[in-house]
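[1] no FASTA, just this:
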């Protein structure tokens, strides 16, 4: 990592660890890559980002990214010199040591077994920028409670906090695991592309407990499997289908019980010459209107039979009344038992007639 940023962050850490010797402070302030002489151009970073990628088990992948502006060949040569020293571990050894000290202090404050593992260094160049990246895995960094991740005590030491300030060109960025939602954040933070971000300033300082960051997993985003105790998706869809079918049945039954006046189909097998249901025919052929709603179901059937020569096919009664097959069949069976009609089975159909009606001649 670049010497200036490491010196700044080492000074930040030394605030949390006053027992560190003055000699260490001197090494931090004067750290420079061996290949860079005092006469050479000093390459100052544009900004430094402390990126923390959380994992569901509480581990955190830390990546410290320092970005340099490579505006000309001198900047490029200076970056290459700094890069070589960085990759060799000559410019960031004290920073790794101080992070290990922060790890030990946080472990003592939280009681969690913490460690820094898999330290690595990398760089990239593009868009007139050079970047140096120091990475490591900090185990058990976040406190895990079921589906909840909390960073509040991760920055604690037994006497305070090891992350005491951010400079004006520094930022702390925290990224949650997939399907985790932010439920608590510091007042000086904001969301940037799903990440929690805190930008430093000349006056940005933190006390113990200021970095109270909490994430909760969005468990509802993952369909439950068998035996998980959650409500399976297919069960819910099945219930919706059943409810829909019940609603349709109730609607149709409601139509059967309360038929609209004049709703009977007037098309008949004799070409439509028969009067509509709910009317009576006088001796002169004229029809007298009768409100069908005032008639019982049995009376409507009897009037239909009277208007159709005393006999009708059951299917035509269904058509004339607009009732369901089930209702007509049940009604006709009841009327047959009361000797109000006769039901005669002919082939696949029922012929309905008055008890004294001659059914020897059957119309199609």
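    Thanks, I have the structure now. Every value quoted in this text rests on a predicted model; they were computed, and no experiment measured them.
[2] Can you name the element that comes right after the helix or strand of the chain with the lowest mean pLDDT?
    For the chain, scoring each helix and strand by mean pLDDT, DSSP states H and E identifies helix 22-29 as the least confident one, at a mean of 30. Using DSSP states H and E, the next helix or strand after helix 22-29 towards the C-terminus is strand 47-54.
[3] Give the next helix or strand downstream of that next one.
    Strand 47-54 is succeeded, C-terminally, by strand 60-69 (DSSP H and E).
[4] That next one pairs with which strands, parallel or anti?
    Next to strand 60-69 in the sheet, as set by DSSP bridges, lie strand 47-54 (antiparallel), strand 129-138 (antiparallel).
[5] Going along the chain from it, find the next helix or strand for me.
    Heading C-terminal from strand 60-69 (DSSP H and E), you reach helix 73-87.
[6] quick check: angle from that next one to strand 129-138?
    20 degrees (axes from the mean of the first three to the mean of the last three CA atoms, to 10 degrees).
[7] what stretches of the stretch 151-300 of the chain score poorly on pLDDT?
    Within the stretch 151-300 of the chain, the ranges that satisfy pLDDT under 70 run 219-239, 248-249, 251-292.
[8] let's go with 50 and repeat that
    220-231, 256-287 (pLDDT under 50).
[9] which residues in it form helices?
    233-257, 297-307 (DSSP state H, counting those that start in this stretch).
[10] What ranges does the stretch 151-300 of the chain have for its strands?
    When assigned using DSSP state E, counting those that start in this stretch, the strands of the stretch 151-300 of the chain occupy the ranges 156-157, 160-161, 170-175, 180-184, 190-192, 195-199, 214-217, 279-281, 287-289.
[11] Make a markdown table from these and add distance to residue 53 to it.
    Bear in mind the C-beta positions are built from the backbone N, C-alpha and C, glycine included. As requested, the strands of the stretch 151-300 of the chain are exported to a markdown table (distance: least, CB to CB, whole Å):
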| stretch | distance to residue 53 |
| --- | --- |
| strand 156-157 | 21 |
| strand 160-161 | 21 |
| strand 170-175 | 5 |
| strand 180-184 | 12 |
| strand 190-192 | 14 |
| strand 195-199 | 9 |
| strand 214-217 | 12 |
| strand 279-281 | 83 |
| strand 287-289 | 82 |
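[12] Out of the ones you listed, which gets nearest to residue 47?
    Between residue 47 and those, the tightest spacing by CB to CB is seen for strand 170-175, at 6.9 Å.
[13] What lies in contact with that closest one?
    Residues from elsewhere that reach strand 170-175 (CB atoms under 8 Å, 6 or more residues apart in numbering): 5, 8-9, 47-54, 151, 163, 166, 192, 194-200, 213.
[14] For that strand, which strands pair with it and how are they oriented?
    Partners of strand 170-175 in its sheet, by DSSP bridges: strand 47-54 (parallel), strand 195-199 (antiparallel).
[15] Any chance of these in TSV with mean neighbour count and distance to residue 339 as columns?
    Shown next, in TSV, are the strands paired with strand 170-175 (neighbours: other CB atoms under 10 Å; distance: least, CB to CB, whole Å):
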stretch	mean neighbour count	distance to residue 339
strand 47-54	19	84
strand 195-199	19	85
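[16] can you put those in TSV and add distance to residue 63?
    As requested, the strands paired with strand 170-175 are exported to TSV (distance: least, CB to CB, whole Å):
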stretch	distance to residue 63
strand 47-54	5
strand 195-199	12
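[17] Which of the ones you listed sits closest to residue 132?
    strand 47-54 (9.6 Å).
[18] quick one on the thing from earlier: looking at the strands paired with strand 60-69, which is closest to residue 99?
    strand 129-138 (7.2 Å).
[19] Buried ones in the closest one, by neighbour count?
    130, 131, 132, 133, 134, 135, 136, 137, 138 (16 or more other CB atoms under 10 Å).
[20] surely the last one meets residue 63?
    No: in terms of CB atoms under 8 Å, residue 138 does not count as a neighbour of residue 63; the distance is 11.0 Å.
[21] In a markdown table: the buried residues of strand 129-138, plus distance to residue 119 and pLDDT.
    Below are the buried residues of strand 129-138 laid out as a markdown table (distance: CB to CB, whole Å; pLDDT from 0 to 100):
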| residue | distance to residue 119 | pLDDT |
| --- | --- | --- |
| 130 | 21 | 93 |
| 131 | 17 | 93 |
| 132 | 14 | 92 |
| 133 | 12 | 91 |
| 134 | 8 | 92 |
| 135 | 7 | 94 |
| 136 | 4 | 94 |
| 137 | 9 | 95 |
| 138 | 11 | 95 |
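[22] Spatially, which two of the residues you listed are the most separated?
    Farthest pair in the buried residues of strand 129-138, by CB to CB: 130 and 138, 25.8 Å.
[23] buried ones in the helix or strand residue 97 falls within?
    Assessed by DSSP H and E, residue 97 sits inside helix 93-110. The neighbour-count check on helix 93-110 (16+ other CB under 10 Å) flags 94-99, 101-107, 109-110 as buried.
[24] of those, closest to residue 355?
    Nearest member of the buried residues of helix 93-110 to residue 355, counting by CB to CB, is residue 110, at 94.8 Å.
[25] Tell me the pLDDT of that closest one.
    Looking at residue 110, its pLDDT stands at 93.
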